[in-house]
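[1] Model the following, please.
(one chain, ligands or ions: 1)
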Amino acid sequence: MEKKIQTETSSRSVADVRKEIDAIDRQIAELVEKRMRRTDEIGEIKAEKGLPVFDPAREDAVLEALTSSVSPDVRQDLTALYRLLFARSRVRQSELRAGSGENSLSVLVLNGPNLDMLGIREPELYGNRDYASLVEFIGQAAKEENILVSCVQSNSEPELIDRIHASMGRYDGIVFNPAAYTHTSVALLDALKAVGLPCVEVHLTDVSSREPFRAVSYVRQACIACVTGEGFEGYRKALKILKEHLLPSENK
Ligand code: DQA
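    Take a look at the predicted model:
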């Protein structure tokens, strides 16, 4: 059986097979877009009805039905792909929820490189919860504080800079975990200074007690406060600090 597959594959060129893969990828891309639109629709209904974003039973049922319809050797691949798709769907639904409602303050929550790998990256430091759970947590905390939030994560320094620039006139403040760029980026510091919005720096871990290079923060100069070592809760604290800064009378 294995031999047959090999003979079949080697009779065609890599370019030929890639052409087929490219066509399949285009179909997948179209289908992912269609699926995400439906996901958003469900997200709106869930938000309206106050239903939770995370529905583990539904995710398991979808996976069960799908994996039983494919060959055993690709079940693991399909499961991994769908776990990622589910996580992204939850991010979209949580972002949508966080962005709805009558709120008095509007805050951009910006997360830097590798924070999309939460749950996978160094769990002994960053915990087992993934980025989708962080977005959900921030959405919930913001709702409790009556703050409208948009959560954005990027691994790219230029994109983070552009997002900071674009926040001018659109947000009242920024909660920022620049991740590794904290310790290297003058460009992010300058972007924060340029827009002049109040910004709270956040880190999940206690950066001051890790490697010495993590004790350096370029962005801190442009921040009104810094919250470190409090995990997800640090984002709630950062939102509260911003609120107190922007609406001091409301907190008395
Ligand atoms: C981090 C700390 C940074 O030093 C590190 O590079 C990160 C995450 C934190 O949230 O603890 O990626 O910002």
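[2] which residues does the residue in the stretch 1-150 of the chain that the ligand sits nearest to contact?
    Proximity of the stretch 1-150 of the chain to the ligand (CB to the nearest ligand atom) peaks at N114, 4.9 Å away. Placement of C-beta: from N, CA and C, glycine included. Residues near N114 by CB atoms under 8 Å, 6 or more residues apart in numbering: R121, N155, A179, A180.
[3] Run through the neighbouring helices and strands of the helix of greatest length in the chain.
    Secondary structure of the chain per DSSP state H: the longest helix is helix 14-49. Where contact means 3 or more CB pairs under 8 Å, 6 or more residues apart in numbering; DSSP states H and E, helix 14-49 is packed against helix 72-98.
[4] List the buried residues in the helix it packs on.
    82, 85-98 (16 or more other CB atoms under 10 Å).
[5] Stretch 190-198 now?
    Result for stretch 190-198 [16+ other CB under 10 Å]: buried residues A191, L192, V195, L197, P198.
[6] What lies in contact with it?
    For stretch 190-198, the external contacting residues (CB under 8 Å, 6+ apart) are 160-161, 164-165, 167-168, 171-174, 176, 199, 219, 221-224, 242, 245-246.
[7] now those residues: which count as buried?
    160-161, 164, 167, 171-174, 176, 199, 219, 222-224, 242, 246.
[8] Where strands are concerned, which of these count?
    G173, I174, F176, C199 (DSSP state E).
[9] if I look at the nearest residue in space to the second one that is not next to it in sequence, how far off is the ligand?
    For I174, the nearest residue in space outside its immediate sequence neighbours is C199; the separation is 4.3 Å by CB to CB, 6 or more residues apart in numbering. The spacing between C199 and the ligand, counted by CB to the nearest ligand atom, to the nearest Å, is 14 Å.
[10] and if you look at V195?
    From V195 to the ligand the distance is 21 Å (CB to the nearest ligand atom).
[11] Check that residue and give its pLDDT.
    Looking at V195, its pLDDT stands at 96.
[12] Check K49 too.
    Value listed for K49 in the pLDDT field: 74.
[13] Now do the same contact list for it.
    K49 touches nothing, counting by CB under 8 Å, 6+ apart.
[14] Give me every residue in the stretch 101-250 of the chain lying close to the ligand.
    Neighbours of the ligand within the stretch 101-250 of the chain, by CB under 6 Å from any ligand atom: N114, N177, A179, A180, T182, H203, L204, T205, V207, R214.
[15] mind putting the residues you listed in JSON lines, distance to K49 included?
    Below are those laid out as JSON lines (distance: CB to CB, whole Å):
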{"residue": "N114", "distance to K49": "35"}
{"residue": "N177", "distance to K49": "31"}
{"residue": "A179", "distance to K49": "35"}
{"residue": "A180", "distance to K49": "40"}
{"residue": "T182", "distance to K49": "39"}
{"residue": "H203", "distance to K49": "35"}
{"residue": "L204", "distance to K49": "32"}
{"residue": "T205", "distance to K49": "36"}
{"residue": "V207", "distance to K49": "40"}
{"residue": "R214", "distance to K49": "43"}
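[16] What segments of the stretch 51-200 of the chain are helices?
    56-67, 72-98, 123-126, 131-144, 157-166, 186-195 (DSSP state H, counting those that start in this stretch).
[17] Nearest to Y235 among the ones you listed would be which one?
    helix 131-144 (5.1 Å; CB to CB).
[18] what about the closest one, distance to the chain center?
    10 Å (CA atoms, centre = their mean, to the nearest Å).
[19] Stretch 207-215 now?
    For stretch 207-215, the distance to the chain centre is 24 Å (CA atoms, centre = their mean).
[20] Would you mind measuring from E201 to E33?
    Per CB to CB, to the nearest Å, E201 is found 35 Å from E33.
[21] Settle it for me: which of those two has more neighbours?
    Higher neighbour count among E201 and E33: E201, with 25 against 9, using other CB atoms under 10 Å.
[22] quick one, what contacts the more buried one?
    F176, N177, P178, T182, S217, V219, R220, C223, A225, C226, V227, A238.
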